[in-house]
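*Asks:* need a structure here:
(chains A and B)
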Amino acid sequence: MPNTFPPDSVGLVSPQTAHFVEPLALDCGRSLAGYDIVYETYGALNPDASNAVLICHALSGDHHVAGYHEDSGPSKPGWWDNCIGPGKPIDTHQFFVVCCNNLGGCKGSTGPTAINPDSRKPFGPDFPIVTVKDWVRSQARLADRLGVRQWAAVIGGSLGGMQAMQWAITFPERVRHSLVIAAAPRLSAQNIAFNEVARQAILSDPDFHHGHYYEFGVVPRRGLMIARMLGHITYLSDEGMRAKFGRELREGTPNFHFNFDTEFQVESYLRHQGRAFVDRFDANTYLLITKTLDYFDPAADFDQDLPAAFHRAQAGFLVISFTSDWRFAPARSREIVRALVRAGREVSYVEIPSEFGHDAFLMPISLYHEALRAYLLRVAREVNGHAA
Amino acid sequence: MRPELELISEWIRPGARVLDLGCGDGALLAYLRDHRRVSGYGLEIDTANIIKCVQAGVNVIHADLEAGLADFGDGGFDYVIMTQTLQAVRHTEALLDEMLRVGRQGIVTFPNFGFWRCRAQVAVQGLMPVVKTLPYQWYDTPNVHLFTLRDFEALCRRKRIDILERTVLDHAHRTWLGSRLWPNLLSEIALYRLSRA
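*Replies:* Now for the predicted structure:
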């Protein structure tokens, strides 16, 4: 933990746990008897509780979105620290920022690693597959607990953007603004195909033990590592990888070895990313969340009519995409925008030039942050009055 | 730009739904929202302008007009507006068609190349004109089509587009008698309200 924090940091933060005893009915037909949601908050809720902002995390994210933990290094702030803090685009002087680890996660909220009260063993593969709608309903209960009747904004990138969309559809009156970044209205066959390869990597690892690997004292390291390596390729762009790695050989490798050692920089990078991920993430959660992604399809409840889904929304929307993102390309964001326009909703859309691929939504790209700042300044004025 | 905004605003029915093609910094939409309670969107390609629209609280959609308006359904807007944009697009005809497909009415403004100062610079100096409404050098201009009132009206006749109303502004951006009598010679900016015949 650093001794001093940058002036635009929320500083030292610690997670809290909300325990819910009332059962939560899930889309899969099962229900969770009781569950924990781990979350963090930054900034202060204003007297009429109108300045709360919910940040929704993506596949591998969690509740620690900004600031530093007691045990974290000075180079390890929350996953979107560059965007959240005093004076940053999501300004904690203006907003009460909330981020929770979603159900099915592995960072403290109830998920596959939690103890199943029936079997007294970890849920593992028996944890129900939760959907984006289930998440939104669980987040709504957290909002109730925090005294937040309506979010000033729900914000998310990628799978987080899908939650921001779903919020506006499921709870129209509880969302003033929905910021949907680098998302898609549903996954394409190609998106699902990549998820399937990732799942197969995990499922076919001999250490997976049908998901009960906790009982064997092992984790399916190789499978999860390959899944993450594959995922990582889809987060970067061809041009970005070329700029970052090219065909450079790693240090100490003057020539080809003519074997399967790590020779190219990009191989070394991917292996490092894969290994680091295995140490911080659970394979059952990874499997579950890839399914959550595959199942997301808000139009499905409205006869495949996305404008009809958005028709009930009341929020204003800001949709952002990135030019080199091919996982959820700008064309996918334009599908969302087109549906919002047909539904007559308030929407602005901007395509940010970037070579960072899908990962761009986490990067401090100045034009991107300017767009967020400009939009959220108006949101702050709406909820905090002209003092903002 | 101010007199142009006001004149356009007079043509707009209060509460209308409007699409502004090439909306720039959103000034027109903000003006129409504040004075005519319109709702709608601006389309803009320049990201710096998009940020300004967001700051102004105007709905703006990043789009390239040259790609057409396929994202918008038929008759979804009461008015589709194009201020000082038609001369800067390549597919003039296609965009006019798209405009009147998506909007029940179209409003177009453009710099009049028939303005006497333009004519004088070509005729007397033999140079491509540089005037207030056409401030660019020929080698460094966003404009790809330059045309006069008569050119535009001939195109409308050929395409069976009805001109519902026309207003012209002289070099001082007033609507005085002279420019009404000899519009193609004395007006610097032309404003048209159109619909499909």
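
*Asks:* Close to chain A: what parts of chain B are there?
*Replies:* B:39, B:41, B:47, B:50-51, B:53-55, B:57-62, B:71-73, B:76 (CB under 8 Å from any CB of the partner chain). In this view, the C-beta of every residue, glycine as well, is placed from N, C-alpha and C.

*Asks:* make it 7 Å
*Replies:* When proximity is defined by CB under 7 Å from any CB of the partner chain, chain B lies next to chain A at B:41, B:47, B:50-51, B:54-55, B:57, B:59-62, B:71-73.

*Asks:* Go ahead and name everything in contact with the lowest-mean-pLDDT helix or strand in chain B.
*Replies:* When the helices and strands of chain B are scored by mean pLDDT, DSSP states H and E, helix B:177-181 comes last with a mean of 77. With contact meaning CB atoms under 7 Å, 6 or more residues apart in numbering or on different chains, helix B:177-181 is reached by B:168, B:170, B:186-187.

*Asks:* Most neighbours out of those residues, which is it?
*Replies:* Neighbour counts for the contacts of helix B:177-181, by other CB atoms under 10 Å in any protein chain shown, peak at B:Ser187, which reaches 28 neighbours.

*Asks:* Where do the helices of the stretch 151-300 of chain A begin and end?
*Replies:* A:159-170, A:189-203, A:221-235, A:238-244, A:265-280, A:283-295 (DSSP state H, counting those that start in this stretch).

*Asks:* mind checking which of these is nearest chain B?
*Replies:* Closest approach to chain B among the helices of the stretch 151-300 of chain A (CB to the nearest CB): helix A:159-170, 15.5 Å.

*Asks:* could you say what helices and strands that closest one packs with?
*Replies:* When contacts are defined as 3 or more CB pairs under 7 Å, 6 or more residues apart in numbering or on different chains; DSSP states H and E, helix A:159-170 sits against strand A:52-56, helix A:132-146, strand A:153-157, strand A:177-181.

*Asks:* mind listing what the third one pairs with, with the direction of each?
*Replies:* I take that to be strand A:153-157. When pairing is defined by DSSP bridges, strand A:153-157 lines up against strand A:52-56 (parallel), strand A:177-181 (parallel).

*Asks:* which bits of the stretch 251-388 of chain A sit near chain B?
*Replies:* A:334, A:337-338, A:341-342, A:346-351, A:367, A:370-371, A:374-375, A:378.

*Asks:* Could you tell me which of those residues belong to helices?
*Replies:* Judged by DSSP state H, helices contain the following of those: A:334, A:337-338, A:341-342, A:367, A:370-371, A:374-375, A:378.

*Asks:* Mean neighbour count, the helices and strands packed on helix A:159-170: which tops it?
*Replies:* strand A:153-157 (a mean of 30; mean count of other CB atoms under 10 Å in any protein chain shown).

*Asks:* The nearest residue to A:Pro220 once chain neighbours are set aside: neighbouring residues, count only.
*Replies:* The shortest distance from A:Pro220 to any non-neighbouring residue, by CB to CB, 6 or more residues apart in numbering or on different chains, is to A:Asp205 (3.5 Å). For A:Asp205, the neighbour count with other CB under 10 Å is 21.

*Asks:* Tell me the spacing between B:Ile45 and B:Arg90.
*Replies:* For B:Ile45, the distance to B:Arg90 (CB to CB, to the nearest Å) stands at 13 Å.

*Asks:* who has more neighbours, those two?
*Replies:* Of the pair B:Ile45 and B:Arg90, B:Ile45 is the one with more neighbours under other CB under 10 Å, namely 14 against 10.

*Asks:* Just the pLDDT at that one, thanks.
*Replies:* Note for B:Ile45: predicted pLDDT of 96.

*Asks:* quick one: stretch B:27-41 to chain centroid distance?
*Replies:* 16 Å (CA atoms, centre = their mean, to the nearest Å).

*Asks:* I meant to write stretch A:10-25 there.
*Replies:* 17 Å.

*Asks:* Which helix or strand lies directly C-terminal to the least confident helix or strand of chain B?
*Replies:* As assigned by DSSP states H and E, the chain's next helix or strand after helix B:177-181 is helix B:183-186.
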